[in-house]
Structure formats: C-alpha cells, structure tokens
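Peer 1: build me a model:
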Amino acid sequence: MRRIFSTTRALSTALGLTLLAAGGAFAQSPDPAPGGQALGAPVPWGLGLQDAFGPVKAAIHDFNDLVLYIIIGITIFVAGLLAYVIFRYSASRNPNPSRTSHNTVLEIAWTVVPVLILLVIAIPSFRLIYYEDRARDPEMTINVQGRQWYWHYEYPDNGAFAFDSYPIPEGELRPGQLRNLAVDNPLVIPVGATIRVLTTGHDVIHSFFVPSLGVQKYTIPGRTLETWFRADREGTFYGQCNQICGNNHWFMPIAVRAVPKAEFEAWAAEAKTKFAEGSAPGWPERDRATSVASLEGAASAASPERAAPAAAATPSVEARR
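Peer 2: Reported below is the predicted structural model:
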C-alpha cells in the first residue's frame, strides 16, 4: 500500500508539472503588434489562462494553480484506488469476498478529509473574492456602462468627460490592430495606477471582461457594482462582453491602453475637448454610421438568416446615443 501511495504522489507531481507547462505554453499572449502594444489578447487554440499583467490576474493565477494541484492529486488517487481494487479484489484473486459491512475509522476519514480539502480551497477563494471586490486607495475612478451594443466610458476624476467605444470594422483596420478586438476609442489609463471601476447597465445585462487584467464584472441596469485593476506594463489589453446580451453581442470588444502618466495627462487634457458635450465623437457621426452599418452588413453576410432580425433589432447610431 505504501508503494501505491508513493507512486501516486510521484505521478501526481509529474502530471501536474506537465499540465502547468502545457497550459503556460498555450496561454502565451500574442506577439506584440508594431510598437509593442498588443499584450493581453486571445490566441488561436489557446487552452490556458492569459498572461497576468496586474496584481488581480496574478492572484487568480495563484489560486488556479492551487486548485489544479488539488484536482490532479484527487483524480490520480481515485483512479489509482479504483485500478488497485479492480486488480486486487477480482473474482479470481478473491473467490471468498469479505462480508465487512462498515469501518468506523475509514468512514470518518472519507468525511473529514474532503471537508479539509474544501477548506483549503474555500479560504483562499474567499480572500480572492474580497481582494477583487474593492480598490485600496484608488488613484482614479472610471464609470463603465454597457449598452446595446457598445461601451460608454466616463472619467469623473479627470474633467468629467465621457465617450463611446465601438469596434473598428475589418475593412478599416490598420497594421497591428486586431480583428474583432480593436476599437475606435480605447479605455486609456496610466500604467501602474490603481483604477476603481464602477459598472452599470443601460438596457440589459452586459459583462466588462478583460482577462489579462483579471477584470470580470456584470453591468446591470439599476445597479452599480465595483471592481478594480492595475496594469503593471504599458500596452493594450483586450477583452469582450462575455454575457450574451442580444443580437449584436459579438461586437462589444474592450480595449484598455496603459500609457505613462505624462502621456495619460496629455491624453486626458485633449479628451476633455474632443469628447466635450455636443462635440464630435471619436469618429465623425457620418463615418460612425457607415462603420457600424458595415459591421452589421458583415454579420448578415456571414449569417444570412440573421439579416432580417438584425435590421429590426439594431437601432440607428443616433438612437443609441
């Protein structure tokens, strides 16, 4: 029996290290775009987590690794125990089966051990939930509102300006911009700053999800939820609404651009004029209408049966604003 446990432990360690290495290989972020900007984005055939570029995501990685080791150990132990029982207590080796009806020590053990394992998982899980929930001494606040089907951002601490963020159609992408992820107006933040995010919904439930920064929060109409993140490196980090929110859910990408503080202050000063109430948005309105129409046209071309419902369900750009 001792040899079996020793072998099980060795196999658990080996398999765990192999899976972690494989997960790390598949989870690599994409090669940086020209200028070294694209850091956090999905990759084809990726199986693992995206690289961590902030403390929240790093904490999620640590918790994932802990649970992974526990799951691997349990799986190997149970599979090994089943194989041992099948081999050791087969009919040919055990023609007279035991009539044992109970074993108090064993029954206590298989009750207490799972409880202890659950506690080992639950305690760091609760700590992580509370860690993600509230920002400690945030340097700025950004309000995020999910709308069908685009994002609305407000900067109350930096001049009280606001703007909308739409995806850039494939035909208008510039070199280095990612298809279905690049946006006209990214969320710009200073690198290394603790950002408090307040989320709400305008119409239905959306989800503000940027995996490489460890951000995942619903935007619910009538409620304000809080989370936070920090980007420890300059670059652009991508995400998407991951809560099915209607016909055009698929084009609600998120782009967070982390820049040096001086560059952020210059951008904020320009944005106060650019996005002042009544001024032109990031795209001229006629260009925005054309671009959104091209997105909807692409969706109809890819899936003709959606063409009629899309035309009926999608409001005009002017109506959405």
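Peer 1: from Tyr89, how far out is the residue lying farthest from the centre of the chain?
Peer 2: Going by C-alpha atoms, centre = their mean, the residue of the chain most distant from its centre is Asn96, 55.9 Å out. Between Asn96 and Tyr89 the distance is 11 Å, computed by C-beta to C-beta, to the nearest Å. C-beta: built from backbone N, CA, C; applies to glycine.
Peer 1: ditto for His206
Peer 2: 55 Å.
Peer 1: which one of these two is surrounded by more residues?
Peer 2: His206 (31 against 11; other C-beta atoms under 10 Å).
Peer 1: wouldn't the more buried one be in contact with Gly246 here?
Peer 2: No - contact status for His206 versus Gly246: not in contact, 9.3 Å apart, counting by C-beta atoms under 8 Å.
Peer 1: who does the helix or strand that contains Leu106 touch, helix- and strand-wise?
Peer 2: Assigned by DSSP states H and E, Leu106 falls within helix 104-133. Counting contacts by 3 or more C-beta pairs under 8 Å, 6 or more residues apart in numbering; DSSP states H and E, helix 104-133 packs against helix 55-88, strand 225-229.
Peer 1: average model confidence for the next helix or strand after the last one?
Peer 2: I take that to be strand 225-229. Counting by DSSP H and E, the next helix or strand C-terminal to strand 225-229 is strand 235-240. Strand 235-240 shows a mean pLDDT of 94.
Peer 1: report the inter-axis angle for strand 235-240 versus helix 55-88.
Peer 2: 60 degrees (axes from the mean of the first three to the mean of the last three C-alpha atoms, to 10 degrees).
Peer 1: let me know the angle separating strand 235-240 from strand 225-229.
Peer 2: Here strand 235-240 points in a direction 150 degrees away from that of strand 225-229 (the same axes, to 10 degrees).
Peer 1: which strands border strand 235-240, and is each parallel or antiparallel?
Peer 2: Strand 235-240 sits in its sheet next to strand 38-40 (parallel), strand 253-259 (antiparallel), going by DSSP bridges.
Peer 1: about what we covered before: and the next helix or strand past the helix holding Leu106?
Peer 2: strand 140-147.
Peer 1: count of residues packed around Leu106?
Peer 2: Neighbours around Leu106, by other C-beta under 10 Å: 10.
Peer 1: so what's Ile168 up against?
Peer 2: 177, 182-184, 291 (C-beta atoms under 8 Å, 6 or more residues apart in numbering).
Peer 1: report the secondary structure state of the residue farthest from the centre of the chain.
Peer 2: coil (DSSP: H, G, I helix; E, B strand; the rest coil).
Peer 1: stretch 62-73: how far from the chain's middle?
Peer 2: Centroid separation for stretch 62-73 versus its chain: 19 Å, with C-alpha atoms, centre = their mean, to the nearest Å.
Peer 1: report the rounded mean pLDDT for that stretch.
Peer 2: For stretch 62-73, the mean per-residue pLDDT is 96.
Peer 1: CA atoms only for that stretch, dumped as CSV, please.
Peer 2: C-alpha atoms of stretch 62-73 as CSV (Å, rounded to 0.1, in the frame of the first residue of the first chain):
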residue,chain,number,x,y,z
ASP,A,62,-2.0,31.6,-8.0
PHE,A,63,-5.4,30.3,-6.9
ASN,A,64,-5.9,28.4,-10.2
ASP,A,65,-2.5,26.7,-9.7
LEU,A,66,-3.5,25.7,-6.1
VAL,A,67,-6.8,24.2,-7.2
LEU,A,68,-5.2,22.5,-10.2
TYR,A,69,-2.7,20.6,-8.0
ILE,A,70,-5.5,19.5,-5.7
ILE,A,71,-7.7,18.3,-8.6
ILE,A,72,-4.8,16.4,-10.2
GLY,A,73,-4.0,14.7,-6.9
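Peer 1: I'd say Ile121 and Val67 touch.
Peer 2: Yes - contact status for Ile121 versus Val67: in contact at 6.1 Å, counting by C-beta under 8 Å.
Peer 1: contacts only, for the residue nearest the centre of the chain.
Peer 2: The centre of the chain sits closest to Pro211, judged by C-alpha atoms, centre = their mean, with a distance of 2.9 Å. Each residue near Pro211 by C-beta under 8 Å, 6+ apart is listed here: 40, 49-50, 57, 239.
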